[in-house]
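Visitor: no sequence for this one, just the structure:
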C-alpha cells in the first residue's frame with residue numbers, strides 16, 4: 001500500500017506536464033554505475049514515478065527492481081588487434097545511440113536521464129538527440145566524472161566531443177560541490193548525494209569467511225573491492241602492505257577491459273615481494289549476495305585511486321553501508337570531501353607508496369569515530385531521487 005506522501009507525489013506527477021514518467025539509460029551490465037542506477041531508479045519509483053530503464057542485453061537481471069527494464073544496449077565484439085577493437089567500439093556505440101534514439105521516438109515519455117555522461121565520438125551521434133530536444137524531450141545526465149582528464153584523440157576533437165556530449169542536456173547531476181566543476185558547457189549543474197548500496201548482509205561468520213579464504217582469524221585484513229583498474233594503484237597497495245607482516249590483502253573483482261593490467265601482473269608483484277601468501281585474489285564477478293562476506297572479513301577498505309580520479313566511489317558507499325573505515329586517495333573531488341566530512345577513514349596523497357603505508361599504519365591504530373549515522377541520513381537514495389525528480393520537473 002502506498003504512503004500518503006507517495007500518493008501525493010503521484011497526484012503531482014499526473015497534474016504536471018510529465019504524464020508518462022522517465023526513461024533511464026544504463027550502458028553498464030556490471031559495476032558501480034550499474035548498481036547506482038538500479039538503486040536510484042527504485043527510489044524514483046518509490047516517489048510514485050513510472051521508470052523504464054534501457055540497459056544491456058547481456059548481464060544479470062535484478063530480482064528486486066521495481067522499474068521496467070528494456071534490454072537494448074549491445075556490448076562491442078572483442079578483437080585481438082587493438083585498432084580493430086577501437087573501430088568495433090565506435091561502430092557499436094553509434095549503433096546503440098541510433099537504436100536508443102529510435103526507441104525514444106516510439107515512446108510517449110519525454111523525460112530522459114543518461115545514467116552516465118557520454119562524450120566519445122559525440123559530434124557524430126549527438127545531433128539526433130538535439131532534434132529530439134527541439135521536439136520537446138528533456139534530457140539530463142548523471143556526471144560521475146565531471147573533470148574529463150581522459151583524452152581520446154587530439155585535444156581539439158576532445159573539446160568538440162565534450163561540447164557535443166552536453167549540447168542536448170538540460171541538467172547534470174554531480175556528487176561534489178557544484179563550484180568544483182569548472183566547465184559544463186551551459187548545463188545546469190545540481191549536486192546530489194551518492195546513496196549507500198544496501199547489499200545483503202554476510203551469510204557466514206567472520207571466522208568462517210576468513211578460514212575459507214585461507215586468512216588467519218587474528219590477522220588484519222585490507223579489502224580492495226571492485227573492477228581491477230590501473231588507476232586504483234593496486235601495485236602500490238601491495239608494496240605498502242609488504243611492510244606489515246600481520247596484514248593480509250583481499251583483491252576481489254573482475255578484470256577490467258583491454259589495456260588495463262591483468263590480475264597476473266598484481267600476482268607477480270606480490271610474489272616478487274615475497275608476500276603472495278598474504279594476498280588473496282578473487283578475480284571474478286562478485287554476486288551481490290557475496291559482497292557482504294568480503295566486507296565482513298575485512299578491517300579496512302582500500303580506495304587508493306590515482307590523482308586523476310575526481311569522482312565518487314561506489315566501493316566507498318558499500319564500505320560505509322557495512323561500516324568499514326576506508327583508506328582513500330584521489331584528486332580533489334567527492335571522494336576526498338566525503339571521507340573528510342564524515343570521518344569515514346583516512347585520506348592520503350595519491351600515487352605514493354609511502355603515504356599509503358602511513359595511512360595503513362594510522363588505520364591499524366584507528367579509533368572508530370566515523371559518523372556513520374549522519375552519512376546515512378544525508379546520503380540516502382530517497383534524497384537523491386527527490387532532487388533528480390524536482391530538477392527535471394517530474395514532480396512539483
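Guide: Sure, I can see it. Keep in mind that what you see is a predicted model, and the values were worked out from it rather than measured. Residues are numbered from 1 along each chain as shown.

Visitor: Helices of the stretch 251-396 of the chain, residue ranges please.
Guide: For the stretch 251-396 of the chain, the helices defined by DSSP state H, counting those that start in this stretch cover 263-272, 288-297, 314-321, 334-342, 353-364, 372-378, 381-392.

Visitor: Show me which of those has the highest average neighbour count.
Guide: Counting by mean count of other CB atoms under 10 Å, helix 314-321 has the highest mean neighbour count of the helices of the stretch 251-396 of the chain, with a mean of 24. In this view, the C-beta of every residue, glycine as well, is placed from N, C-alpha and C.

Visitor: Give the rounded mean pLDDT of that helix.
Guide: Mean per-residue pLDDT for helix 314-321: 90.

Visitor: From the contact counts, what lies against it?
Guide: helix 32-46, strand 220-225, helix 288-297, strand 300-304, strand 326-329, helix 334-342, helix 372-378 (3 or more CB pairs under 8 Å, 6 or more residues apart in numbering; DSSP states H and E).

Visitor: Pipe the helices of the stretch 251-396 of the chain into JSON lines and attach distance to residue 123 per row.
Guide: Compiled in JSON lines, the helices of the stretch 251-396 of the chain are given as follows (distance: least, CB to CB, whole Å):
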{"stretch": "helix 263-272", "distance to residue 123": "36"}
{"stretch": "helix 288-297", "distance to residue 123": "38"}
{"stretch": "helix 314-321", "distance to residue 123": "30"}
{"stretch": "helix 334-342", "distance to residue 123": "29"}
{"stretch": "helix 353-364", "distance to residue 123": "40"}
{"stretch": "helix 372-378", "distance to residue 123": "39"}
{"stretch": "helix 381-392", "distance to residue 123": "25"}
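
Visitor: Quick check: which of the ones you listed is nearest to residue 209?
Guide: Proximity to residue 209 (CB to CB) singles out helix 288-297 among the helices of the stretch 251-396 of the chain, at 4.4 Å.

Visitor: Would you reformat the helices and strands packed on helix 314-321 as a markdown table and include distance to residue 240 and mean pLDDT?
Guide: Shown next, in a markdown table, are the helices and strands packed on helix 314-321 (distance: least, CB to CB, whole Å; pLDDT from 0 to 100):
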| stretch | distance to residue 240 | mean pLDDT |
| --- | --- | --- |
| helix 32-46 | 24 | 94 |
| strand 220-225 | 9 | 97 |
| helix 288-297 | 20 | 94 |
| strand 300-304 | 8 | 97 |
| strand 326-329 | 9 | 96 |
| helix 334-342 | 18 | 90 |
| helix 372-378 | 26 | 92 |
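
Visitor: coming back round to it: wait, which of the helices of the stretch 251-396 of the chain is closest to residue 31?
Guide: Short answer: helix 314-321, nearest of the helices of the stretch 251-396 of the chain by CB to CB, at 7.3 Å.

Visitor: Quick one: low-confidence residue ranges for the chain.
Guide: Counting by pLDDT under 70, the ranges of the chain that qualify are 1-20, 146-152, 179-185, 257-258.

Visitor: Which helix or strand lies directly C-terminal to the longest helix anywhere in it?
Guide: Ranked by number of residues, the top helix in the chain under DSSP state H is helix 82-105. Moving toward the C-terminus from helix 82-105, the next helix or strand (DSSP states H and E) is strand 111-114.

Visitor: what sits up against that following strand?
Guide: Contacting residues not belonging to strand 111-114 are listed as 18, 20-25, 104, 137-142, 169, 388, 392-394 [CB atoms under 8 Å, 6 or more residues apart in numbering].

Visitor: Strands of the stretch 51-200 of the chain, start to end?
Guide: For the stretch 51-200 of the chain, the strands defined by DSSP state E, counting those that start in this stretch cover 51-56, 68-73, 111-114, 138-142, 171-174, 188-191.

Visitor: among the ones you listed, which is nearest residue 125?
Guide: strand 111-114 (12.2 Å).

Visitor: Tell me which strands that closest one pairs with, and in which orientation.
Guide: Using DSSP bridges, the strands paired with strand 111-114 are strand 22-25 (parallel), strand 138-142 (parallel).

Visitor: With distance to residue 202 and mean neighbour count added, can I get those in TSV?
Guide: What follows is the strands paired with strand 111-114, written out as TSV (distance: least, CB to CB, whole Å; neighbours: other CB atoms under 10 Å):
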stretch	distance to residue 202	mean neighbour count
strand 22-25	30	24
strand 138-142	30	23
